[in-house]
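> just coords:
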């Protein structure tokens, strides 16, 4: 996996004004703990796949301010007074020195449970916020949508075709996120190069229309790609197109693609033509505004489709096009002799759990039961039966600024996601929208955490 | 404006397999015309602002294949046989040699009208497709949403705060797109550096919660930023927070931010406190899941909000999170002695206009009336009255591979968008969803184009 260094300025201005504030107020070194979590699942999601975690860790470890960054900040009117020589020197020497705990890349996640916990001097913890949210929100949004499509495809192949529907750089990451959760590959060549993802491609209408006849178009393509021609057959008449494709390529035809019409009915007709006319090994690829619901319906109907090419709905996560990940201060050291202060918010709909946490996932004979958010270092709860098992989701990823848990390989992430999906009970895997107020999953605070929340609520109110 | 060179591999594999196909079939040099257009407006849009055009032109002019790109393509199984030495040499020497016509960056646009027209050897026209769609679809999606927010803000300031809700690189472009259509600025520091956009920042809850009391937090921030403190006052009690902010900063208070609650009612109470207690010049910034509808309601209610901070809804274009821009072959030369062949598609919902086009916008005393898509070089239609004026939207941008229309400055784009928005009649500017089948705008083919469509339909069917 190759990742470019990200500009230290790819952040919100206020992170840097607040950093200058901590610096000039002599607060830089107070140790703070911040946690990143998804506040609420969209109604269209029953679970999430946490992605972007390894990219976040990479950013934390490599974040530096260049001389050009510092010179630019000196030119920003709102920063000018705060950009003293000593603060500029601080930025010049910046590197993260704290500790980070994180869930594994590709872990199944729900709301209100930390995916990443940073413990560091507050100035450092603050500077990280925007980028961590950006990378985790986007990757988790795309990956969570993709996972639903993998479930819908039910073992058939899903391939990411969405590059043209999102920002060019976001597209490369989206291809990676889709592959991470079980897509078979992508059409994005750069994503393949950068992440080692298998590449898929067929042909487009333009190829066919650039030739005088469909047959000529097919003959031309097959002549150049005798081993890998997947011919697009819906430009004029899909079934006639299928017949022509077999006439041209015979049993060497790798496949055909349908991109319009009633994909289920056409797939059956086309499969019959391919089998009857001598191309029984040719695969059928279907595409055209597919989402998890249309894929599930095609699979349920028995449509002989081998590969689903999925674009727009995946990369734009059309039914849940944003994710409300937040990054909150949960604990702060206020100086020598003072106990660590746990921090909670009680705003309606924006409440947060005070203190530093671990998430325990309870599974019963391999099946997800519930998540319990505990105060860090709290003992595990007693399990109900000997069939149950508890897994701590967060583990040490960075210690004193150094990565101690290397980035997982994409193969390892795929295996981790596959195990996670397999552990979900049917109600959580379901593609139906959630029922408001009746989540299919459970995330609850432990008794000790609940007691702490109650104590703080009384103090504050 | 500074733009990095984009990887030539940031495309769909099939563009490169088809390119190899044209090359090996001896078709590379056939001249083709392709047009990029938005097939259908989302129901939640009554107009679009075409953005990403200058980025597309930059890409076309600068696209090159590096040795590393070529080596990677040789390693792709589907490409291996086609990557002969002569095709590798072609890619090594690749640069765009054709002509491009385009609408100006920031032009108001509707469906089925070309925003960009490429005339080039077909192999070149093909290779461009994916990236052009990616950059225009994303920028136009964000800019079109942003324009609705600018209309809603009705002269008040709108600032882009959405970095954390989208991919980090998409966020930088989104800040630029929002500014291009009339936002006052962004919180994204890198976007400010890259595009010269004004920067805005306030403070976050974390700053307040990191201090023992709100007053201490305000005093600390004001001490460091005596000229530019915009204090976030909703952490505990918004009105009490406003009072504390004035006590701390007096008439030097730059502003306050409200991020929760009934923003309209709170803004009125807070304005009264600021005025009564000695900070009449302090501005009120409101944020928190705002979109064009909530902004319009706040403005209509007379809420004394000076600046709207807008994030998620803008950068994710939540109500229309994808745009169906396509790039279609419309004309091809089939060799010496053969007339240029116009190409049309008649699939239901996917029909395209054959031939190379210009778009004429008819305005009457400055007000948009309709767009007429004509065959290129066709004469302008006769105008109904002397108050009417016709503007050709596409002009020459690249000639023989060289940019002849330089990228517009962001200031020029802003002025162009402002004129465009001002020219729209109320029904097109309306924030209400479109009525299906009754668009508020009109895009129609000229009589000659309609005749050509009819002739081809008869020939094909």
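Arrived safely, thanks for sending. Owing to the predicted nature of the structure, the values given are computational and were not obtained by experimental measurement.
> rest of the way, CA atoms for contacts and neighbours
Will do.
> tell me where the stretch 151-300 of chain A has helices.
In the stretch 151-300 of chain A, the helices defined using DSSP state H, counting those that start in this stretch lie at A:168-180, A:189-195, A:205-209, A:214-224, A:238-249, A:263-276, A:292-300.
> so which of these is nearest residue B:270?
Of all the helices of the stretch 151-300 of chain A, it is helix A:168-180 that lies closest to residue B:270, at 40.1 Å by Cα to Cα.
> helices or strands up against that closest one?
In this structure, helix A:168-180 makes packing contacts with helix A:122-153, strand A:185-186, helix A:189-195, helix A:410-422, helix B:122-153, helix B:168-180, judged by 3 or more Cα pairs under 8 Å, 6 or more residues apart in numbering or on different chains; DSSP states H and E.
> which one of these lies nearest to residue B:428?
helix B:122-153 (10.7 Å).
> what's the angle from the closest one to helix A:168-180?
100 degrees (axes from the mean of the first three to the mean of the last three Cα atoms, to 10 degrees).
> next, the contact list for the residue of chain A most remote from its centre, please.
Farthest-out residue of chain A from its mean C-alpha position, per Cα atoms, centre = their mean: residue A:212, at 44.1 Å. Going by Cα atoms under 8 Å, 6 or more residues apart in numbering or on different chains, residue A:212 touches no other residue.
> next, format the helices and strands packed on helix A:168-180 as JSON lines and append mean pLDDT, distance to residue A:404 and mean neighbour count.
Below are those laid out as JSON lines (pLDDT from 0 to 100; distance: least, Cα to Cα, whole Å; neighbours: other Cα atoms under 10 Å in any protein chain shown):
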{"stretch": "helix A:122-153", "mean pLDDT": "98", "distance to residue A:404": "18", "mean neighbour count": "27"}
{"stretch": "strand A:185-186", "mean pLDDT": "98", "distance to residue A:404": "30", "mean neighbour count": "28"}
{"stretch": "helix A:189-195", "mean pLDDT": "97", "distance to residue A:404": "22", "mean neighbour count": "22"}
{"stretch": "helix A:410-422", "mean pLDDT": "98", "distance to residue A:404": "17", "mean neighbour count": "18"}
{"stretch": "helix B:122-153", "mean pLDDT": "98", "distance to residue A:404": "37", "mean neighbour count": "27"}
{"stretch": "helix B:168-180", "mean pLDDT": "98", "distance to residue A:404": "25", "mean neighbour count": "27"}
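> any chance of these in CSV, plus distance to residue B:436?
Listed next are those as CSV, based on distance: least, Cα to Cα, whole Å:
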stretch, distance to residue B:436
helix A:122-153, 28
strand A:185-186, 35
helix A:189-195, 38
helix A:410-422, 40
helix B:122-153, 19
helix B:168-180, 27
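> and for residue A:198, nearest residue in space, chain neighbours not counted?
In space, and not counting its chain neighbours, residue A:198 is closest to residue A:185: 4.8 Å by Cα to Cα, 6 or more residues apart in numbering or on different chains.
> what of residue A:74?
In space, residue A:74 is closest to residue A:80, 5.1 Å off (Cα to Cα, 6+ apart).
> helix/strand/coil for residue A:17?
For residue A:17, the assignment made with DSSP: H, G, I helix; E, B strand; the rest coil gives helix.
> one more: the one 10 residues further on?
Secondary structure state of residue A:27, per three-state DSSP, is coil.
> for residue A:151, see how far away it is.
49 Å (Cα to Cα, to the nearest Å).
> outline the domain layout of chain A.
Domain assignment for chain A, taken from automatic domain parsing, gives A:13-143+A:320-460, A:201-284.
> quick revisit: out of the helices of the stretch 151-300 of chain A, which gets nearest to residue B:47?
For those, the distance to residue B:47 is smallest for helix A:168-180, at 23.7 Å, taking Cα to Cα.
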